[in-house]
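Visitor: the following comprises the amino acid sequence and a computationally predicted model.
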Amino acid sequence: MAQRSRYSIFKGTSASTSGNRGTLVLSANGILFTPDNGDKQLFLPLEKISAVSIEGKLLKRLCIVDNSGRRILFSVPDLEDWRQTTEMAIRIYEALSGNMPQNSATNNIPIQPQAKHNPVSQSLTTSPAGSTGNPIAMASGRAGTGVSTPNLQATARKSHPINRTPPPVYNGQWPSGQDYEQSFQTLKLSLNQSLGQVDRWEAIRNQKNPSWYVYASGNYGSIYKVKADDGKYYAIKCFTKKSLTINQRYSLISDFLLNLGSSIPYLIHFSYFPEGIKTRKIPDVYFPVLKMEWIDGVTLNQYISTHIDDSRAIRSLGNRIADAVAKLQAVGIAHGDLSGDNIIIDNKGNVRFVDYDGMYIPDFKGQKATELGHADFQHPARNADTYSERLDSFSALVIQLSLQSIGLKPDLWKKFNGNDPDCLILRKSDFLRPNESEAIDAIGKIRSKHTRKLLDLLIQSLSRGPLWDGIDPASLVI
């Protein structure tokens, strides 16, 4: 047994996936990811892995596809080494299972038999004599395991790419908001166990409308609130539209934000679950969800309404939003849909951006935008080809100009907003015909050189493209 356990782990490293950091271990039985925060482990047996590849243009990830078509992206060092070694481990398993010729050179490597309980967890505790017991050190051969990773790599380079075709994905009609509403009535039966101890979770009704569970809805889905077994509250986003790229997009965004850590506090880290929730109408299919921290706060429009007589608070908020956009742009991020309901001011006064359906990160360079955002915050010439880290510059200008103007002349809010949650005091019609705009004319009469400078920049930008570099969000801060 001791001899076999020497080969039970091939590789191990620190890694991240879907917003969680942890330890990734490749053993003779499969791939095990153990989150640092104590969440449920993710285990993929070798026989259930259908493909291994490297994806991404700038932030590359190790992509593992299982037999159900689920794609899991891992951020790991030595990507090519991980890909080759994982492929080799699969071929070793196939050879010993009789799926490959028995004279394969890889048959000389003994494989630990599967245990009735978690096989990889056992392999982590059966280290050979003299081992430190550290799975990372064991996997790298530093703890006397006898594993020769270079030999595995050499054999892998001679092998052919894995080419198992995953089963077809669901192509029917996606659930509606009403379908998900029913799902949250029977939460324990609807949510996938991969999200956590869902049998102990509680769905929280909307306090403003207790007959409903939904808290917000948008172009691509709805937001619900749950209380988990640890007492924490989470937002669950369910999607009502199918997107061919949703899995890859949110996996890449999650890992990108995770790598940034706490350096960008304006965004909310989340986990993407490709198989998250099922509905009564389609009980055999799990649909994807996002799970993220629940943020208590108010939307930008709500904040303005409740602070309309506090000029300093409103003008300060405009500066903080512009500064947040500048910091996102500096690391290659654009939110893509900054608007009155996608900007939250939390209970501590912090600015938080939510809803990342239209977000841009460096991985998406050269791609088309998946949505065009709220028209009353976007350059009127924006289209699907308008997609880069400069995407929020025009929106930041519109928001800053509006807040500085409202702060100096509060009656503009009542006159030009009219309780419209989809705009501030400017609309797309104002951008299309600025010379005929009553709102722009009113802003122009404010006696403030800063406001006048912002207004002149807005007028100038309307004759330029949506990604015009003449707008620097950092310079918008007064």
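Guide: Cool, got the structure.

Visitor: from here on, just use CA atoms for contacts and neighbour counts.
Guide: Noted.

Visitor: list the buried residues of stretch 461-473.
Guide: The neighbour-count check on stretch 461-473 (16 or more other C-alpha atoms under 10 Å) flags 461-462, 466-467, 471-473 as buried.

Visitor: let me redo that: stretch 337-352
Guide: Of the residues in stretch 337-352, those scored as buried under the neighbour-count criterion (16+ other C-alpha under 10 Å) are 337-345, 351-352.

Visitor: could you identify the most distant pair in those?
Guide: The distance between the two most remote of the buried residues of stretch 337-352 (C-alpha to C-alpha) is 16.3 Å, for D337 and I345.

Visitor: ok, the residue nearest to the spatial centre of the chain to T451 distance?
Guide: With distances taken as C-alpha atoms, centre = their mean, the chain has S254 as the residue nearest its mean C-alpha position (3.3 Å). Using C-alpha to C-alpha, to the nearest Å, one gets 37 Å for the distance from S254 to T451.

Visitor: then N347?
Guide: Noted for N347: a distance of 29 Å to T451, by C-alpha to C-alpha.

Visitor: nearest to Q207 among the buried residues of stretch 461-473?
Guide: If you rank the buried residues of stretch 461-473 by distance to Q207 using C-alpha to C-alpha, P473 comes first, at 36.6 Å.

Visitor: narrow the buried residues of stretch 461-473 to those in helices?
Guide: Among the buried residues of stretch 461-473, the ones falling in helices (DSSP state H) are 461-462.

Visitor: same list (the buried residues of stretch 461-473) but as TSV, adding distance to S53.
Guide: Supplementary listing: these in TSV, determined by distance: C-alpha to C-alpha, whole Å:
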residue	distance to S53
S461	43
L462	44
P466	36
L467	34
I471	39
D472	38
P473	38
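
Visitor: and the furthest pair within the buried residues of stretch 461-473?
Guide: L462 and P473 (16.1 Å).

Visitor: what residue ranges in this structure score low on pLDDT?
Guide: Residues of the chain that meet the criterion pLDDT under 70 lie in 1-9, 19, 57-59, 97-169, 244.

Visitor: domain map for it?
Guide: Structural domains annotated on the chain: 2-158, 177-293, 297-476, as defined by automatic domain parsing.

Visitor: endpoints of stretch 182-202, how far apart?
Guide: From its first residue to its last, stretch 182-202 covers 14 Å (C-alpha to C-alpha).

Visitor: okay, buried residues for that stretch please.
Guide: Along stretch 182-202, the positions that meet the burial threshold by neighbour count (16+ other C-alpha under 10 Å) are 182-185, 187-192, 195, 197-198, 201-202.

Visitor: what's the answer for stretch 34-47, then?
Guide: With the criterion 16+ other C-alpha under 10 Å, stretch 34-47 contains buried residues 34-35, 43-46.

Visitor: ok, stretch 318-330 next?
Guide: By 16+ other C-alpha under 10 Å, the buried positions in stretch 318-330 come out as 318-329.

Visitor: then stretch 298-309?
Guide: Buried residues in stretch 298-309, counted by 16+ other C-alpha under 10 Å: 298-304, 308-309.

Visitor: how about JSON lines for the domains of the chain, with distance to Y170 added?
Guide: What follows is the domains of the chain, written out as JSON lines (distance: least, C-alpha to C-alpha, whole Å):
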{"stretch": "domain 2-158", "distance to Y170": "10"}
{"stretch": "domain 177-293", "distance to Y170": "8"}
{"stretch": "domain 297-476", "distance to Y170": "20"}
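
Visitor: which of the buried residues of stretch 298-309 fall within helices?
Guide: Among those, the members falling in helices are 300-304 (criterion: DSSP H).

Visitor: quick one: contacts for C238?
Guide: Taking C-alpha atoms under 8 Å, 6 or more residues apart in numbering as the definition of contact, the neighbours of C238 are 180, 221-224, 277, 287-290.

Visitor: next one: I277
Guide: The neighbours of I277, taking C-alpha under 8 Å, 6+ apart as the test, are 183, 190-192, 238, 286-289.

Visitor: and the contacts of stretch 242-258?
Guide: Contacts for stretch 242-258 (C-alpha under 8 Å, 6+ apart): 16-21, 59, 71-75, 174, 267, 269-272, 274, 361, 363.

Visitor: if you go by neighbour count, which of the residues you listed are buried?
Guide: With neighbours counted using 16+ other C-alpha under 10 Å, the contacts of stretch 242-258 contain these buried positions: 16-21, 71-75, 174, 267, 269-272, 274, 361, 363.

Visitor: hmm, which two among the buried residues of stretch 182-202 are most spread apart?
Guide: Largest pairwise distance in the buried residues of stretch 182-202, by C-alpha to C-alpha, is 19.9 Å, between Q182 and Q197.

Visitor: which SS class is M292?
Guide: Following DSSP: H, G, I helix; E, B strand; the rest coil, M292 is assigned to strand.

Visitor: from K232, how far off is it?
Guide: 11 Å.

Visitor: rewinding a little: just the buried residues of stretch 298-309 now: which is nearest N419?
Guide: For those, the closest approach to N419 (C-alpha to C-alpha) belongs to N301, at 8.5 Å.

Visitor: list the residues that contact the closest residue to the closest one other than its chain neighbours.
Guide: In space, and not counting its chain neighbours, N301 is closest to G340: 5.4 Å by C-alpha to C-alpha, 6 or more residues apart in numbering. G340 is in contact with 299-301, 421-424, counting by C-alpha under 8 Å, 6+ apart.

Visitor: now do G332
Guide: With contacts taken as C-alpha under 8 Å, 6+ apart, G332 has the following neighbours: 360-362, 389.

Visitor: mind running it again at 6 Å?
Guide: With contacts defined as C-alpha atoms under 6 Å, 6 or more residues apart in numbering, G332 is in contact with 361-362, 389.
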